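Student: Next input, structure requested:
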Amino acid sequence: MGSDFVLLEDLDDRERRTRETMLALSIGEAVLAYMKQAGVMQDIYRAVDSRAVRMLEMIARALDDDTLDDPECFWKIERVMDVLEENWLGSSRHDW
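Tutor: Numbers count the residues shown, from 1 in each chain. Down below sits the predicted model:
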């Protein structure tokens, strides 16, 4: 019986992105299971909470920054998007 393994290089862009996403999810699940087994999840949760709070503080500072003053709030939105992108939470709609 032949192998079902397909090289990512042999796939079109859509199929490759789909398989890479599924691969990333599988790796993430395996790492998460290992972390739970190792008993380090409380440390991970604290780190995530701390990072989330820092991000919210940065966003609040951007929104309160009076030097970023234009009628459409372009610069404030840009600053918020920078904070999100620096933390891997960017949007595909941010293309300027």
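Student: only C-alpha atoms for contact and neighbour calcs from this point on.
Tutor: Noted.
Student: And the helix of greatest length in the chain, what does it pack against?
Tutor: Ranked by residue count under DSSP state H, the longest helix found in the chain is helix 13-38. Helices and strands touching helix 13-38, by 3 or more CA pairs under 8 Å, 6 or more residues apart in numbering; DSSP states H and E: there are none.
Student: I'd like the next helix or strand past that helix.
Tutor: Next along the chain after helix 13-38, taking DSSP states H and E as the criterion, comes helix 41-64.
Student: So which residues make contact with that next one?
Tutor: Identification of contacts with helix 41-64 by CA atoms under 8 Å, 6 or more residues apart in numbering yields 35, 68, 76, 79-80, 83-84.
Student: Filter those residues down to just the ones in helices.
Tutor: Counting by DSSP H, the members of the contacts of helix 41-64 that fall within helices are 35, 76, 79-80, 83-84.
Student: are any of those residues buried, and which?
Tutor: Buried subset of the ones in helices among the contacts of helix 41-64 (neighbour count, 16 or more other CA atoms under 10 Å): 76, 79-80, 83-84.
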